[in-house]
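just need the structure, nothing else, for what follows:
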Amino acid sequence: MSPQELEACVLAGLLNGGATPDAFDVIATTPEESFSIVFHRRAFAEIKKQALANSMIDMMFVSEALGGNSLIDLAQIMRQPATVPNLKGYAGKMVKAWRSRQLATLLQEGADGIRNAVNQDQRDQVVEHAVAKLLDMTGDTGDVQPVHISDLLPTYMDTVQKRLNGDAETRNLLTGIDELDSATGGINQQDLIVVAGRPGMGKTEFALKVVDGVTQRGGGALIFSMEMAAPQIVERSLAGAGNLSVSRLRNPKDMYDEDWARLTSAMGELVERDIWIVDATDLTVEQIRAVAETHKRRYPHLAMIMVDYLGLIRKPKAERNDLAVAHISRNLKTMAMRLHTPTFALSQLSRAVDSRPAAQRRPVMSDLRDSGSIEQDADSILFLYRDEVYNPESPAAGIAEVILGKSRFSAAGTVIYQEFKNGHFLSVDQHVGKEKTRIQLEAAKPQKGQRKYAEKYNTEPF
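Numbers count the residues shown, from 1 in each chain. Got it, this is the predicted structure:
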């Protein structure tokens, strides 16, 4: 196969397959100079630009950017057979062929330079130059190609223009919780988001609310449930979509006509959603990555991944527990970056939270188990707190706090208030939530003891 045919196969694989993980690997490891035909080089540069900026590869947009008769040429290229499954193989062979041509040219230029040199100093300079270029060509860089900032600035300005026009929100993942989306600007496509809380705070329910918000907009969701079986996830999802309590669904004899109507409506909604569930237990993080990458290839519209939860992922053999946890969190972050898909990982908090005074039980970063690695790898950390878990008579009963413990794009410590009703997170007026929380904090403060009469008044005789 000629170099030109290999180049056409690589372009065909990218255009036919879209923005898959393999496509991003090829983009990261293939220099534009490895394409010998000018049109192929320009097409690859535009594909690279669109994939990095928008996480999409589409023939029509590439043709529009190239102009001229490019649509016909691109359509001809896309007719290459069986290019998508072998994309990385074709790209590897193409780069090797390019390096061979580079090496042949370098050796020829070196030989000509030595032959034409008039003295030993010139010969030494030719040799030093040739050796330096040879080291650059054969250096072990892992085949990763840097991207110049000039290639990224135009696409960023396009993003700024879209923000100016009011449609920038389509670039980031929206959770469906308006106050949270407003505070963070949405979730970036390569983010690892940790949702942490003590048992009973509603971590799984909160993550399923995000799944509902994402899939409602047409995105896909992949759920790794290692704590609950798939039917339990379905039950909770139906309860959330129909605004029903799970206990009501578990006692269908007590359901009214309105409840059955809500259940039917919820089933009609969820059956159209792109939601996939994996309820295998004792998975390793490598198995989670393998399943997610395969799923992303089959369903490119996958918009988020949910892992419930970090503590149930099988830990690798390591000298210390914190090193094993670091391996897991690093791999989840790498998975999000490689797949260009936000990953939500649920995490338990230390029991030390429960032993603190009533007014000091709101979680902080140090409450995360093995917090160092998780805090380092996560782009955002959301703490869930409901005071009624500790005090059912709390003035803040029915109010859930979503505390932004870490966020790269908003102030740390920002609190988003939600109503917690029938086991679900619902929107609530932020001023109402803040006021109820303030009253709860005032009530939790230790009260000064009443002074005795003798201490209050002088009882000594005149």
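
what ranges do the strands span in this protein?
Assigned by DSSP state E, the strands in the chain fall at 192-197, 220-225, 274-278, 302-308, 343-348, 380-385, 399-407, 415-421, 424-426.

any chance of JSON lines for those, columns mean pLDDT?
Below are the strands of the chain laid out as JSON lines (pLDDT from 0 to 100):
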{"stretch": "strand 192-197", "mean pLDDT": "91"}
{"stretch": "strand 220-225", "mean pLDDT": "90"}
{"stretch": "strand 274-278", "mean pLDDT": "88"}
{"stretch": "strand 302-308", "mean pLDDT": "91"}
{"stretch": "strand 343-348", "mean pLDDT": "91"}
{"stretch": "strand 380-385", "mean pLDDT": "91"}
{"stretch": "strand 399-407", "mean pLDDT": "88"}
{"stretch": "strand 415-421", "mean pLDDT": "89"}
{"stretch": "strand 424-426", "mean pLDDT": "87"}
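
closest one to residue 8 among those strands?
strand 302-308 (28.8 Å; Cβ to Cβ). For the C-beta atoms, the positions are set from N, CA and C on the backbone; glycine is no exception.

got the angle between the closest one and strand 192-197?
40 degrees (axes from the mean of the first three to the mean of the last three Cα atoms, to 10 degrees).

looking at the strands of the chain, which is nearest to residue 30?
That would be strand 302-308 among the strands of the chain, by Cβ to Cβ, at 24.1 Å.

pairing partners for that closest one, with directions?
Here strand 302-308 is paired, per DSSP bridges, with strand 220-225 (parallel), strand 343-348 (parallel).

got the contact list for the first one?
It refers to strand 220-225. For strand 220-225, the external contacting residues (Cβ atoms under 8 Å, 6 or more residues apart in numbering) are 211, 214-215, 232-233, 273-279, 283, 288, 291-292, 295, 299, 301-308.

now, of those residues, which are buried?
The neighbour-count test (16 or more other Cβ atoms under 10 Å) marks 211, 214-215, 233, 273, 275-279, 283, 288, 291-292, 295, 302-308 as buried among the contacts of strand 220-225.

what is the residue lying closest to residue 302 once chain neighbours are set aside paired to in the beta sheet?
Of all residues not flanking residue 302 in the chain, residue 220 sits nearest, at 4.3 Å (Cβ to Cβ, 6 or more residues apart in numbering). Using DSSP bridges, the bridge partners assigned to residue 220 are residue 274, residue 302.

residues near residue 220, how many?
By the measure other Cβ atoms under 10 Å, the count of residues near residue 220 is 21.

kindly report the same for residue 40.
22.

could you do residue 175 as well?
Using other Cβ under 10 Å, residue 175 is surrounded by 25 other residues.

where does it fall, phi/psi-wise?
Here is the backbone geometry of residue 175 (degrees, to the nearest 10): phi -80, psi -20.

do residue 20 as well
Residue torsions, per degrees, to the nearest 10, at residue 20 are phi -90, psi 170.

ditto for the one 10 residues further on
Main-chain dihedrals, residue 30, degrees, to the nearest 10: phi -110, psi 120.

which residues touch it?
Per Cβ under 8 Å, 6+ apart, neighbours of residue 30: 10, 44, 91, 94, 95, 145.

ok, now residue 383?
Taking Cβ under 8 Å, 6+ apart, we find residue 383 in contact with 196, 197, 349, 362, 363, 364, 367, 401, 402, 403, 405.

who's it bridged to?
With DSSP bridges as the criterion, residue 383 is bridged to residue 196, residue 403.

so how far is residue 10 from residue 363?
49 Å (Cβ to Cβ, to the nearest Å).

how about residue 300?
The value you get for residue 300 to residue 10, if Cβ to Cβ is used, is 19 Å.

of those two, who's got more company?
Using other Cβ under 10 Å, the more surrounded residue of residue 300 and residue 10 is residue 10, with 30 against 19.

you'd agree the more buried one is up against residue 92?
No - judged on Cβ atoms under 8 Å, residue 10 makes no contact with residue 92 at a distance of 9.6 Å.

circling back to that earlier point, just the closest of the contacts of residue 383 to residue 133, please.
Closest to residue 133 out of those is residue 405 (49.9 Å), distances taken as Cβ to Cβ.
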